[in-house]
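J.: Below is the sequence, then the predicted model.
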Amino acid sequence: MTIHPVQTDMQFKNYIGGKWIESRSGKTFASHNPANGELIGTLQASDTRDVDDAVNAASIAFEKWRKVPAPKRAELIYRVAEILRARKQEMGELLTREMGKVLPEALGDVQEAIDMALYMAGEGRRLNGMLVPSELPSKWAMAVRDPLGVVAAITPWNFPIAIPAWKMFPALICGNTVIWKPASDTPVLAARMIEIYEQAGFPPGVVNLVTGGGGTVGDALVAHPQVRLITFTGSTDIGRAVSIKAAQNLKRVSLEMGGKNAIIVMDDADLDLAVEGILWSAFGTSGQRCTACSRVIAHHAIKKQLLDKLVPRTAALRLGDGLLATTDVGPVINHRAAQKIHEYTEIARGEGAAILVGGAIATEGDLARGSFYQPTIFDNVTPTMRVAQEEIFGPSLSILAAQSLDDAIAINNRTNFGLSTSVYTSNVNRAFEAMRDVTTGIVYINAGTIGSEVQLPFGGTRGTGNGHREGGGAVVLDTFCEWKTIYVDYSGRLQRAQIDTDALVKTVL
Ligand code: NAP
(Lines give C-alpha, C1' and ligand atoms only; values in the text may rest on other atoms or scores of the structure.)
Protein backbone atom coordinates (compact mmCIF):
# COMPACT_ATOMS: atom_id res chain seq x y z
CA MET A 1 0.00 0.00 0.00
CA THR A 2 1.25 3.52 -0.81
CA ILE A 3 1.53 5.78 2.20
CA HIS A 4 0.75 9.41 1.40
CA PRO A 5 3.55 11.91 1.97
CA VAL A 6 2.48 14.60 4.44
CA GLN A 7 3.86 17.83 5.76
CA THR A 8 4.52 16.97 9.37
CA ASP A 9 6.01 20.11 10.85
CA MET A 10 3.08 22.53 10.71
CA GLN A 11 2.00 24.84 13.47
CA PHE A 12 -1.64 24.50 14.56
CA LYS A 13 -3.71 27.10 16.36
CA ASN A 14 -6.63 26.99 18.74
CA TYR A 15 -10.07 27.18 17.17
CA ILE A 16 -12.25 29.61 19.12
CA GLY A 17 -15.44 31.30 17.95
CA GLY A 18 -14.85 30.10 14.38
CA LYS A 19 -11.33 31.54 14.16
CA TRP A 20 -7.89 29.91 14.26
CA ILE A 21 -5.96 31.88 16.86
CA GLU A 22 -2.73 31.66 18.80
CA SER A 23 -2.72 31.13 22.54
CA ARG A 24 -2.68 34.29 24.65
CA SER A 25 0.74 33.37 26.01
CA GLY A 26 2.16 32.72 22.54
CA LYS A 27 3.73 29.55 23.92
CA THR A 28 3.70 26.30 21.97
CA PHE A 29 4.48 22.63 22.44
CA ALA A 30 5.37 19.84 20.02
CA SER A 31 3.82 16.50 19.13
CA HIS A 32 6.08 13.62 18.06
CA ASN A 33 5.72 10.23 16.39
CA PRO A 34 6.16 7.55 19.07
CA ALA A 35 7.63 5.14 16.50
CA ASN A 36 10.61 7.28 15.53
CA GLY A 37 10.49 10.70 17.21
CA GLU A 38 9.63 12.64 14.01
CA LEU A 39 7.99 16.02 14.63
CA ILE A 40 4.28 15.84 13.78
CA GLY A 41 3.32 19.41 14.55
CA THR A 42 3.51 22.35 16.91
CA LEU A 43 0.48 23.33 18.99
CA GLN A 44 -0.70 26.14 21.23
CA ALA A 45 0.21 25.77 24.91
CA SER A 46 -2.93 27.48 26.14
CA ASP A 47 -3.84 28.70 29.61
CA THR A 48 -6.91 29.89 31.53
CA ARG A 49 -7.24 33.02 29.37
CA ASP A 50 -7.74 30.89 26.26
CA VAL A 51 -10.25 28.75 28.14
CA ASP A 52 -12.15 31.91 29.14
CA ASP A 53 -12.22 33.01 25.49
CA ALA A 54 -13.49 29.62 24.37
CA VAL A 55 -16.18 29.46 27.07
CA ASN A 56 -17.31 32.93 26.12
CA ALA A 57 -17.54 32.02 22.42
CA ALA A 58 -19.32 28.73 23.19
CA SER A 59 -21.80 30.45 25.53
CA ILE A 60 -22.74 33.04 22.91
CA ALA A 61 -23.07 30.39 20.20
CA PHE A 62 -25.22 28.22 22.47
CA GLU A 63 -28.10 30.71 22.47
CA LYS A 64 -28.48 30.31 18.70
CA TRP A 65 -27.41 26.69 18.32
CA ARG A 66 -29.94 25.35 20.82
CA LYS A 67 -32.72 26.78 18.63
CA VAL A 68 -31.46 25.21 15.39
CA PRO A 69 -33.85 22.31 14.69
CA ALA A 70 -32.22 18.99 15.56
CA PRO A 71 -32.62 17.61 12.00
CA LYS A 72 -30.61 20.63 10.76
CA ARG A 73 -27.95 20.06 13.40
CA ALA A 74 -27.89 16.46 12.19
CA GLU A 75 -27.18 17.51 8.61
CA LEU A 76 -23.90 19.11 9.73
CA ILE A 77 -22.92 15.99 11.67
CA TYR A 78 -23.76 13.90 8.62
CA ARG A 79 -21.52 16.17 6.56
CA VAL A 80 -18.64 15.50 9.00
CA ALA A 81 -19.16 11.78 8.35
CA GLU A 82 -19.00 12.35 4.59
CA ILE A 83 -15.80 14.41 4.75
CA LEU A 84 -14.21 12.00 7.19
CA ARG A 85 -15.07 9.10 4.93
CA ALA A 86 -13.41 10.88 1.99
CA ARG A 87 -10.32 11.59 4.12
CA LYS A 88 -10.29 8.28 5.98
CA GLN A 89 -6.98 7.00 4.60
CA GLU A 90 -5.18 10.30 5.21
CA MET A 91 -6.57 10.63 8.75
CA GLY A 92 -5.76 7.00 9.49
CA GLU A 93 -2.15 7.49 8.41
CA LEU A 94 -1.85 10.62 10.51
CA LEU A 95 -3.32 8.71 13.44
CA THR A 96 -0.65 6.01 13.09
CA ARG A 97 2.03 8.70 12.89
CA GLU A 98 0.90 10.64 15.92
CA MET A 99 -0.42 7.87 18.19
CA GLY A 100 1.40 4.78 16.93
CA LYS A 101 -1.31 2.12 16.49
CA VAL A 102 -0.96 0.00 13.33
CA LEU A 103 -2.68 1.37 10.25
CA PRO A 104 -5.60 -1.12 10.06
CA GLU A 105 -6.46 -0.23 13.68
CA ALA A 106 -6.03 3.48 12.96
CA LEU A 107 -8.47 3.20 10.06
CA GLY A 108 -10.84 1.42 12.45
CA ASP A 109 -10.54 4.33 14.88
CA VAL A 110 -11.56 6.74 12.10
CA GLN A 111 -14.35 4.41 10.96
CA GLU A 112 -15.79 4.37 14.47
CA ALA A 113 -16.10 8.16 14.34
CA ILE A 114 -17.85 7.89 10.97
CA ASP A 115 -20.24 5.30 12.40
CA MET A 116 -20.94 7.47 15.44
CA ALA A 117 -21.58 10.51 13.24
CA LEU A 118 -24.05 8.59 11.10
CA TYR A 119 -25.76 7.16 14.16
CA MET A 120 -26.09 10.51 15.93
CA ALA A 121 -27.16 12.23 12.70
CA GLY A 122 -30.06 9.76 12.69
CA GLU A 123 -30.93 10.90 16.21
CA GLY A 124 -31.63 14.35 14.77
CA ARG A 125 -34.99 13.06 13.59
CA ARG A 126 -35.67 11.07 16.76
CA LEU A 127 -34.36 12.50 20.05
CA ASN A 128 -37.28 10.82 21.73
CA GLY A 129 -38.98 12.50 24.63
CA MET A 130 -41.95 11.15 26.60
CA LEU A 131 -45.64 11.73 26.11
CA VAL A 132 -47.74 10.04 28.78
CA PRO A 133 -51.38 10.30 29.92
CA SER A 134 -52.12 12.89 32.58
CA GLU A 135 -54.12 11.91 35.66
CA LEU A 136 -56.34 14.93 35.01
CA PRO A 137 -58.76 15.50 32.13
CA SER A 138 -57.94 17.97 29.35
CA LYS A 139 -54.29 18.00 30.24
CA TRP A 140 -51.13 16.91 28.43
CA ALA A 141 -48.07 15.55 30.25
CA MET A 142 -44.76 15.24 28.44
CA ALA A 143 -41.00 15.51 28.82
CA VAL A 144 -38.53 16.84 26.28
CA ARG A 145 -34.75 16.88 26.07
CA ASP A 146 -33.09 20.22 26.67
CA PRO A 147 -29.39 20.88 26.02
CA LEU A 148 -27.18 21.66 29.01
CA GLY A 149 -25.13 24.50 27.51
CA VAL A 150 -21.36 24.49 27.17
CA VAL A 151 -19.83 21.01 27.27
CA ALA A 152 -16.12 20.38 27.81
CA ALA A 153 -14.79 17.20 26.19
CA ILE A 154 -11.49 16.08 27.74
CA THR A 155 -10.11 13.14 25.81
CA PRO A 156 -7.23 10.63 25.92
CA TRP A 157 -4.72 9.76 23.23
CA ASN A 158 -5.49 6.06 22.75
CA PHE A 159 -8.58 6.56 20.54
CA PRO A 160 -7.88 10.10 19.42
CA ILE A 161 -10.60 10.24 16.76
CA ALA A 162 -13.22 7.73 18.00
CA ILE A 163 -13.52 8.82 21.65
CA PRO A 164 -14.00 12.53 20.90
CA ALA A 165 -16.66 11.45 18.38
CA TRP A 166 -18.46 9.48 21.10
CA LYS A 167 -18.68 12.70 23.08
CA MET A 168 -19.02 15.50 20.57
CA PHE A 169 -21.68 14.15 18.21
CA PRO A 170 -24.18 13.35 21.01
CA ALA A 171 -23.39 16.70 22.66
CA LEU A 172 -23.99 18.57 19.41
CA ILE A 173 -27.11 16.74 18.31
CA CYS A 174 -28.68 17.59 21.68
CA GLY A 175 -27.99 21.29 21.07
CA ASN A 176 -24.95 21.85 23.29
CA THR A 177 -21.85 23.72 22.22
CA VAL A 178 -18.47 22.06 22.76
CA ILE A 179 -14.95 22.92 23.85
CA TRP A 180 -12.55 20.10 23.09
CA LYS A 181 -9.34 19.68 25.06
CA PRO A 182 -7.49 16.78 23.41
CA ALA A 183 -4.67 14.76 24.98
CA SER A 184 -1.32 16.48 24.62
CA ASP A 185 0.07 13.38 22.88
CA THR A 186 -2.40 13.60 19.96
CA PRO A 187 -3.32 17.26 19.40
CA VAL A 188 -2.56 17.42 15.66
CA LEU A 189 -5.30 14.88 14.98
CA ALA A 190 -7.66 17.08 16.97
CA ALA A 191 -6.76 20.15 14.92
CA ARG A 192 -7.24 18.21 11.68
CA MET A 193 -10.58 16.94 12.94
CA ILE A 194 -11.69 20.49 13.76
CA GLU A 195 -10.84 21.50 10.19
CA ILE A 196 -13.41 18.93 9.14
CA TYR A 197 -16.05 20.41 11.46
CA GLU A 198 -15.26 23.82 10.00
CA GLN A 199 -15.53 22.51 6.44
CA ALA A 200 -18.84 20.85 7.31
CA GLY A 201 -20.21 24.31 8.11
CA PHE A 202 -20.68 24.41 11.88
CA PRO A 203 -21.46 27.99 12.95
CA PRO A 204 -18.72 29.90 14.86
CA GLY A 205 -18.44 29.00 18.53
CA VAL A 206 -20.40 25.73 18.30
CA VAL A 207 -17.22 23.62 18.20
CA ASN A 208 -14.02 24.96 19.77
CA LEU A 209 -10.53 23.56 20.27
CA VAL A 210 -8.13 24.54 23.04
CA THR A 211 -4.87 22.61 23.19
CA GLY A 212 -2.49 22.52 26.15
CA GLY A 213 -1.78 20.68 29.37
CA GLY A 214 -4.37 18.85 31.39
CA GLY A 215 -3.30 20.62 34.57
CA THR A 216 -3.91 24.03 32.97
CA VAL A 217 -6.49 23.84 30.16
CA GLY A 218 -8.29 20.76 31.48
CA ASP A 219 -8.34 22.07 35.02
CA ALA A 220 -9.63 25.51 33.92
CA LEU A 221 -12.47 23.90 31.98
CA VAL A 222 -13.43 21.79 34.99
CA ALA A 223 -13.38 24.87 37.24
CA HIS A 224 -15.21 27.25 34.89
CA PRO A 225 -18.73 27.96 36.21
CA GLN A 226 -20.22 28.32 32.72
CA VAL A 227 -19.15 24.84 31.63
CA ARG A 228 -22.12 22.67 32.57
CA LEU A 229 -20.88 19.20 31.69
CA ILE A 230 -17.44 17.64 31.75
CA THR A 231 -17.27 14.55 29.60
CA PHE A 232 -13.94 12.96 30.46
CA THR A 233 -12.14 9.84 29.33
CA GLY A 234 -8.79 9.02 30.86
CA SER A 235 -7.16 7.52 33.90
CA THR A 236 -9.06 6.84 37.11
CA ASP A 237 -6.81 9.10 39.19
CA ILE A 238 -7.39 12.14 36.98
CA GLY A 239 -11.07 11.31 36.57
CA ARG A 240 -11.54 11.23 40.33
CA ALA A 241 -9.81 14.62 40.69
CA VAL A 242 -11.99 16.06 37.90
CA SER A 243 -15.13 14.78 39.60
CA ILE A 244 -14.19 16.24 42.99
CA LYS A 245 -13.36 19.62 41.53
CA ALA A 246 -16.48 19.78 39.35
CA ALA A 247 -18.67 18.94 42.34
CA GLN A 248 -17.93 22.38 43.78
CA ASN A 249 -20.05 23.88 41.00
CA LEU A 250 -22.52 20.96 40.99
CA LYS A 251 -21.55 20.13 37.43
CA ARG A 252 -22.53 17.01 35.65
CA VAL A 253 -19.49 14.83 35.07
CA SER A 254 -19.41 11.79 32.82
CA LEU A 255 -16.33 9.65 33.46
CA GLU A 256 -14.89 6.79 31.40
CA MET A 257 -11.72 5.56 33.08
CA GLY A 258 -9.32 2.68 33.50
CA GLY A 259 -9.78 -1.06 33.18
CA LYS A 260 -8.29 -4.35 34.33
CA ASN A 261 -10.08 -6.61 31.92
CA ALA A 262 -9.94 -10.38 31.92
CA ILE A 263 -10.48 -13.27 29.57
CA ILE A 264 -11.74 -16.37 31.36
CA VAL A 265 -10.86 -19.59 29.56
CA MET A 266 -12.80 -22.64 30.71
CA ASP A 267 -11.75 -26.28 30.37
CA ASP A 268 -14.39 -26.81 27.65
CA ALA A 269 -13.26 -23.82 25.54
CA ASP A 270 -12.00 -23.91 21.97
CA LEU A 271 -8.40 -23.08 22.91
CA ASP A 272 -7.30 -22.03 19.43
CA LEU A 273 -10.16 -19.54 19.31
CA ALA A 274 -9.27 -18.33 22.79
CA VAL A 275 -5.62 -17.80 21.80
CA GLU A 276 -6.69 -15.61 18.87
CA GLY A 277 -8.92 -13.55 21.19
CA ILE A 278 -6.17 -13.18 23.79
CA LEU A 279 -3.52 -12.09 21.29
CA TRP A 280 -5.84 -9.49 19.77
CA SER A 281 -7.14 -8.20 23.09
CA ALA A 282 -3.85 -8.15 25.01
CA PHE A 283 -1.44 -6.93 22.35
CA GLY A 284 -3.64 -5.03 19.86
CA THR A 285 -2.99 -1.28 20.19
CA SER A 286 0.08 -2.39 22.21
CA GLY A 287 -2.28 -3.15 25.10
CA GLN A 288 -3.28 0.51 25.30
CA ARG A 289 -7.04 0.12 25.16
CA CYS A 290 -9.25 0.69 28.16
CA THR A 291 -10.79 -2.67 27.24
CA ALA A 292 -7.44 -4.41 26.66
CA CYS A 293 -7.12 -7.83 28.21
CA SER A 294 -4.51 -7.65 30.95
CA ARG A 295 -5.48 -10.86 32.78
CA VAL A 296 -6.17 -14.34 31.54
CA ILE A 297 -7.99 -16.43 34.14
CA ALA A 298 -7.50 -19.97 32.92
CA HIS A 299 -9.15 -23.11 34.27
CA HIS A 300 -6.30 -25.01 35.90
CA ALA A 301 -6.97 -28.12 33.77
CA ILE A 302 -6.14 -26.34 30.47
CA LYS A 303 -3.76 -23.62 31.64
CA LYS A 304 -0.57 -25.35 30.49
CA GLN A 305 -2.09 -26.33 27.15
CA LEU A 306 -3.24 -22.75 26.63
CA LEU A 307 0.18 -21.31 27.42
CA ASP A 308 1.88 -23.80 25.12
CA LYS A 309 -0.13 -22.26 22.30
CA LEU A 310 -0.08 -18.64 23.47
CA VAL A 311 3.57 -18.07 24.36
CA PRO A 312 5.15 -18.89 20.96
CA ARG A 313 2.51 -16.83 19.17
CA THR A 314 3.29 -13.88 21.48
CA ALA A 315 7.03 -14.26 20.92
CA ALA A 316 6.44 -14.16 17.15
CA LEU A 317 4.65 -10.78 17.19
CA ARG A 318 6.65 -8.23 15.19
CA LEU A 319 7.23 -4.80 16.68
CA GLY A 320 7.65 -1.80 14.41
CA ASP A 321 6.29 1.35 12.82
CA GLY A 322 2.53 0.96 12.49
CA LEU A 323 2.65 2.20 8.89
CA LEU A 324 4.61 -0.90 7.81
CA ALA A 325 2.55 -3.87 6.69
CA THR A 326 5.04 -6.15 8.46
CA THR A 327 4.25 -4.70 11.89
CA ASP A 328 1.95 -6.54 14.30
CA VAL A 329 2.46 -4.31 17.35
CA GLY A 330 3.28 -0.61 17.22
CA PRO A 331 5.00 1.60 19.79
CA VAL A 332 3.56 2.66 23.13
CA ILE A 333 2.66 6.32 23.38
CA ASN A 334 5.94 7.72 24.73
CA HIS A 335 9.13 6.92 26.66
CA ARG A 336 7.44 7.60 29.98
CA ALA A 337 4.82 4.98 29.21
CA ALA A 338 7.50 2.43 28.21
CA GLN A 339 9.27 3.06 31.50
CA LYS A 340 6.06 2.73 33.51
CA ILE A 341 5.26 -0.56 31.77
CA HIS A 342 8.74 -1.80 32.60
CA GLU A 343 8.32 -0.82 36.24
CA TYR A 344 5.38 -3.23 36.34
CA THR A 345 7.59 -5.97 34.93
CA GLU A 346 9.94 -5.37 37.83
CA ILE A 347 6.99 -5.37 40.23
CA ALA A 348 5.80 -8.70 38.77
CA ARG A 349 9.28 -10.16 39.20
CA GLY A 350 9.43 -8.90 42.77
CA GLU A 351 6.03 -10.41 43.52
CA GLY A 352 7.21 -13.83 42.32
CA ALA A 353 5.66 -14.01 38.85
CA ALA A 354 7.48 -15.89 36.10
CA ILE A 355 8.16 -13.94 32.90
CA LEU A 356 7.43 -16.35 30.06
CA VAL A 357 8.11 -13.98 27.17
CA GLY A 358 9.12 -10.33 26.70
CA GLY A 359 9.79 -8.24 29.78
CA ALA A 360 11.94 -5.44 28.35
CA ILE A 361 11.90 -2.15 26.47
CA ALA A 362 12.65 -3.05 22.83
CA THR A 363 15.67 -1.28 21.39
CA GLU A 364 16.85 -3.43 18.49
CA GLY A 365 17.62 -1.55 15.25
CA ASP A 366 15.08 1.14 14.32
CA LEU A 367 13.06 0.43 17.46
CA ALA A 368 15.64 2.41 19.44
CA ARG A 369 14.32 5.60 17.77
CA GLY A 370 10.87 5.09 19.30
CA SER A 371 9.10 3.82 22.42
CA PHE A 372 8.53 0.09 22.11
CA TYR A 373 7.83 -2.57 24.71
CA GLN A 374 8.08 -6.30 24.09
CA PRO A 375 4.78 -8.19 24.34
CA THR A 376 5.08 -9.75 27.78
CA ILE A 377 3.43 -12.59 29.69
CA PHE A 378 3.61 -13.03 33.48
CA ASP A 379 2.74 -16.49 34.79
CA ASN A 380 1.95 -17.68 38.32
CA VAL A 381 0.13 -14.46 39.09
CA THR A 382 -2.23 -14.53 42.07
CA PRO A 383 -5.32 -12.33 42.35
CA THR A 384 -3.96 -9.89 44.93
CA MET A 385 -0.64 -9.13 43.20
CA ARG A 386 -0.32 -5.57 41.96
CA VAL A 387 0.02 -6.74 38.36
CA ALA A 388 -3.35 -8.47 38.76
CA GLN A 389 -4.99 -5.39 40.24
CA GLU A 390 -3.52 -2.23 38.70
CA GLU A 391 -3.88 -0.94 35.17
CA ILE A 392 -0.55 -1.24 33.33
CA PHE A 393 -1.78 0.07 29.96
CA GLY A 394 0.80 -1.72 27.86
CA PRO A 395 1.42 -5.10 26.21
CA SER A 396 1.69 -6.95 29.54
CA LEU A 397 -0.52 -9.93 30.30
CA SER A 398 -0.91 -11.73 33.63
CA ILE A 399 -1.93 -15.40 33.77
CA LEU A 400 -3.99 -16.58 36.76
CA ALA A 401 -5.42 -20.02 37.47
CA ALA A 402 -9.01 -20.77 38.56
CA GLN A 403 -10.56 -23.94 39.93
CA SER A 404 -14.05 -23.44 38.48
CA LEU A 405 -16.25 -20.91 36.70
CA ASP A 406 -17.42 -19.48 40.03
CA ASP A 407 -13.82 -19.09 41.14
CA ALA A 408 -12.87 -17.43 37.83
CA ILE A 409 -15.77 -14.98 38.03
CA ALA A 410 -14.94 -14.12 41.65
CA ILE A 411 -11.32 -13.37 40.64
CA ASN A 412 -12.55 -11.38 37.66
CA ASN A 413 -14.94 -9.25 39.72
CA ARG A 414 -12.49 -8.56 42.52
CA THR A 415 -10.66 -5.49 41.16
CA ASN A 416 -11.28 -1.78 41.46
CA PHE A 417 -12.20 -1.62 37.76
CA GLY A 418 -15.19 -3.01 35.90
CA LEU A 419 -15.08 -2.47 32.16
CA SER A 420 -14.91 -5.62 30.04
CA THR A 421 -14.83 -9.40 30.58
CA SER A 422 -14.73 -12.24 28.12
CA VAL A 423 -15.56 -15.88 28.71
CA TYR A 424 -14.51 -18.70 26.43
CA THR A 425 -16.67 -21.78 26.92
CA SER A 426 -18.61 -24.20 24.74
CA ASN A 427 -21.17 -24.82 27.49
CA VAL A 428 -24.24 -22.65 27.03
CA ASN A 429 -25.24 -22.92 30.70
CA ARG A 430 -21.83 -21.65 31.81
CA ALA A 431 -22.07 -18.81 29.29
CA PHE A 432 -25.38 -17.67 30.74
CA GLU A 433 -24.17 -18.03 34.32
CA ALA A 434 -21.23 -15.78 33.41
CA MET A 435 -23.54 -13.25 31.74
CA ARG A 436 -25.52 -13.16 34.99
CA ASP A 437 -22.65 -13.02 37.49
CA VAL A 438 -19.91 -10.97 35.85
CA THR A 439 -20.08 -7.39 37.18
CA THR A 440 -18.33 -5.45 34.41
CA GLY A 441 -20.17 -3.07 32.07
CA ILE A 442 -19.36 -5.18 28.99
CA VAL A 443 -19.34 -8.98 28.65
CA TYR A 444 -18.23 -11.00 25.65
CA ILE A 445 -18.85 -14.69 25.12
CA ASN A 446 -16.31 -16.45 22.89
CA ALA A 447 -14.80 -13.17 21.72
CA GLY A 448 -11.98 -11.03 23.15
CA THR A 449 -12.47 -8.09 25.52
CA ILE A 450 -12.21 -5.40 22.82
CA GLY A 451 -14.39 -4.27 19.94
CA SER A 452 -17.44 -2.26 20.95
CA GLU A 453 -20.16 -1.24 18.50
CA VAL A 454 -21.55 2.29 18.56
CA GLN A 455 -25.21 1.29 18.78
CA LEU A 456 -24.88 -0.13 22.30
CA PRO A 457 -23.92 1.55 25.58
CA PHE A 458 -20.22 1.57 26.42
CA GLY A 459 -18.81 2.00 29.90
CA GLY A 460 -17.92 0.30 33.12
CA THR A 461 -18.58 -0.18 36.79
CA ARG A 462 -16.57 0.53 39.98
CA GLY A 463 -13.42 2.59 39.24
CA THR A 464 -14.07 2.55 35.49
CA GLY A 465 -17.03 4.90 35.45
CA ASN A 466 -19.58 6.90 37.40
CA GLY A 467 -22.73 5.42 35.94
CA HIS A 468 -22.91 7.21 32.61
CA ARG A 469 -22.56 5.37 29.34
CA GLU A 470 -21.01 6.41 26.04
CA GLY A 471 -20.56 4.99 22.60
CA GLY A 472 -24.08 4.78 21.40
CA GLY A 473 -27.46 3.57 22.27
CA ALA A 474 -30.05 6.19 23.15
CA VAL A 475 -28.78 6.13 26.76
CA VAL A 476 -25.84 8.30 25.70
CA LEU A 477 -28.27 11.13 25.03
CA ASP A 478 -29.26 11.22 28.69
CA THR A 479 -25.74 12.33 29.58
CA PHE A 480 -25.96 15.30 27.26
CA CYS A 481 -29.51 16.48 28.05
CA GLU A 482 -31.58 17.86 30.84
CA TRP A 483 -35.08 16.44 31.01
CA LYS A 484 -37.70 19.16 30.95
CA THR A 485 -41.17 18.05 32.03
CA ILE A 486 -44.06 20.06 30.61
CA TYR A 487 -47.76 20.03 31.55
CA VAL A 488 -50.33 21.72 29.35
CA ASP A 489 -53.73 22.22 30.94
CA TYR A 490 -56.44 23.06 28.40
CA SER A 491 -59.40 22.52 30.76
CA GLY A 492 -59.85 26.22 31.40
CA ARG A 493 -60.12 25.73 35.17
CA LEU A 494 -57.82 25.15 38.12
CA GLN A 495 -57.00 21.44 38.36
CA ARG A 496 -54.95 20.28 41.30
CA ALA A 497 -52.92 17.17 40.55
CA GLN A 498 -52.41 14.73 43.42
CA ILE A 499 -54.99 16.54 45.52
CA ASP A 500 -58.46 16.11 44.14
CA THR A 501 -58.05 13.45 41.44
CA ASP A 502 -60.58 11.10 43.09
CA ALA A 503 -63.21 13.80 43.15
CA LEU A 504 -62.43 14.67 39.53
CA VAL A 505 -62.73 11.11 38.31
CA LYS A 506 -66.19 11.00 39.92
CA THR A 507 -67.10 14.27 38.17
CA VAL A 508 -65.93 12.97 34.79
CA LEU A 509 -67.72 9.65 35.22
P1 NAP B 1 -5.03 10.86 31.45
O2 NAP B 1 -3.61 11.07 31.70
O3 NAP B 1 -5.94 10.72 32.60
O4 NAP B 1 -5.49 12.07 30.51
C5 NAP B 1 -6.79 12.13 29.95
C6 NAP B 1 -7.10 13.57 29.58
O7 NAP B 1 -7.19 14.34 30.79
C8 NAP B 1 -6.01 14.24 28.74
O9 NAP B 1 -6.59 15.12 27.83
C10 NAP B 1 -5.22 14.99 29.79
O11 NAP B 1 -4.47 16.09 29.28
C12 NAP B 1 -6.34 15.47 30.69
N13 NAP B 1 -5.93 15.87 32.03
C14 NAP B 1 -4.78 15.58 32.69
N15 NAP B 1 -4.76 16.17 33.91
C16 NAP B 1 -5.92 16.84 34.03
C17 NAP B 1 -6.50 17.65 35.05
N18 NAP B 1 -5.88 17.87 36.21
N19 NAP B 1 -7.72 18.20 34.84
C20 NAP B 1 -8.39 17.97 33.68
N21 NAP B 1 -7.88 17.22 32.66
C22 NAP B 1 -6.67 16.65 32.84
O23 NAP B 1 -5.26 9.55 30.54
P24 NAP B 1 -4.50 9.14 29.21
O25 NAP B 1 -3.14 8.68 29.57
O26 NAP B 1 -4.66 10.20 28.18
O27 NAP B 1 -5.39 7.89 28.73
C28 NAP B 1 -5.21 6.60 29.22
C29 NAP B 1 -6.27 6.28 30.26
O30 NAP B 1 -7.56 6.45 29.69
C31 NAP B 1 -6.23 4.83 30.70
O32 NAP B 1 -6.42 4.77 32.08
C33 NAP B 1 -7.40 4.20 29.97
O34 NAP B 1 -7.92 3.04 30.58
C35 NAP B 1 -8.37 5.32 29.95
N36 NAP B 1 -9.37 5.13 28.91
C37 NAP B 1 -10.65 4.80 29.28
C38 NAP B 1 -11.62 4.57 28.32
C39 NAP B 1 -13.02 4.21 28.71
O40 NAP B 1 -13.92 4.39 27.89
N41 NAP B 1 -13.25 3.71 29.91
C42 NAP B 1 -11.29 4.71 26.97
C43 NAP B 1 -9.98 5.05 26.64
C44 NAP B 1 -9.03 5.27 27.61
P45 NAP B 1 -2.91 15.93 28.92
O46 NAP B 1 -2.83 14.91 27.84
O47 NAP B 1 -2.54 17.29 28.50
O48 NAP B 1 -2.23 15.47 30.17
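T.: Great, that's in hand. Residues are numbered from 1 along each chain as shown.
J.: Kindly confirm my reading that Lys64 forms part of a helix.
T.: Yes - counting by DSSP: H, G, I helix; E, B strand; the rest coil, Lys64 is located in a helix.
J.: got the contact list for it?
T.: Applying Cβ atoms under 8 Å, 6 or more residues apart in numbering to Lys64 gives the contacts Pro203. C-betas here are computed from N, CA, C, even on glycine.
J.: now do Asp50
T.: Residues in contact with Asp50 (Cβ under 8 Å, 6+ apart) are Asn14, Ile16, Ser23, Arg24, Gln44, Val210, Gly212, Val217.
J.: For the second one, name its beta-bridge partners.
T.: The one in question is Ile16. Taking DSSP bridges as the rule, Ile16 bridges to Lys19.
J.: Against Val55, how distant is it?
T.: For Ile16, the distance to Val55 (Cβ to Cβ, to the nearest Å) stands at 10 Å.
J.: Then the first one?
T.: Counting by Cβ to Cβ, the gap from Asn14 to Val55 is 13 Å.
J.: Compare those two and say which is more crowded by neighbours.
T.: Using other Cβ atoms under 10 Å, the more surrounded residue of Asn14 and Val55 is Asn14, with 27 against 24.
J.: The more buried one contacts Ala45, doesn't it?
T.: No - using Cβ atoms under 8 Å, Asn14 is not in contact with Ala45, being 10.2 Å away.
J.: Now for these two: what residues contact both?
T.: Joint contacts of Asn14 and Ala45 (Cβ under 8 Å, 6+ apart) are Ser23, Thr211.
J.: The helix or strand Val387 falls within packs against which elements?
T.: Counting by DSSP states H and E, the element that carries Val387 is helix 386-389. Contacts defined by 3 or more Cβ pairs under 8 Å, 6 or more residues apart in numbering; DSSP states H and E place helix 386-389 against helix 335-351, strand 396-402.
J.: Between helix 335-351 and the shortest one, find me the angle.
T.: In other words, strand 396-402. Here strand 396-402 runs at an angle of 30 degrees relative to helix 335-351 (axes from the mean of the first three to the mean of the last three Cα atoms, to 10 degrees).
J.: in the helix or strand following strand 396-402, what counts as buried?
T.: Next along the chain after strand 396-402, taking DSSP H and E as the criterion, comes helix 405-413. By 16 or more other Cβ atoms under 10 Å, the buried positions in helix 405-413 come out as Leu405, Asp407, Ala408, Ile409, Ile411, Asn412, Asn413.
J.: Are there helices or strands packed against helix 405-413, and which ones?
T.: If you count contacts as 3+ Cβ pairs under 8 Å, 6+ apart, helix 405-413 packs onto strand 261-265, strand 293-299, strand 396-402, helix 428-437.
J.: that's a helix at Asp146, yeah?
T.: No - assignment of Asp146 by three-state DSSP gives strand, placing it outside any helix.
J.: Just the contacts of Asp50: which are in strands?
T.: Within these, residues falling in strands by DSSP state E are Asn14, Ile16, Gln44.
J.: What's the local residue count around the closest residue to the last one other than its chain neighbours?
T.: Spelled out, that is Gln44. Sequence neighbours aside, Ser23 is the residue nearest to Gln44 in space, at 3.9 Å (criterion: Cβ to Cβ, 6 or more residues apart in numbering). Counted with other Cβ under 10 Å, residues neighbouring Ser23 total 23.
J.: so who does Ser23 touch?
T.: Ser23 makes contacts with Asn14, Gln44, Ala45, Ser46, Asp47, Asp50, Gly212, as judged by Cβ under 8 Å, 6+ apart.
J.: ok, back up a step: could you single out the most deeply buried of the helices and strands packed on helix 405-413?
T.: Highest mean neighbour count of those: strand 261-265, a mean of 29 (counted as mean count of other Cβ atoms under 10 Å).
J.: Okay, angle between it and helix 405-413 too, please.
T.: If you take the same axes, to 10 degrees, strand 261-265 sits at 170 degrees to helix 405-413.
J.: does Val105 sit in a helix or strand, and which one?
T.: In this structure residue 105 is Glu, not Val. Going by DSSP H and E, Glu105 is part of helix 103-123.
J.: Great, nothing more from me.
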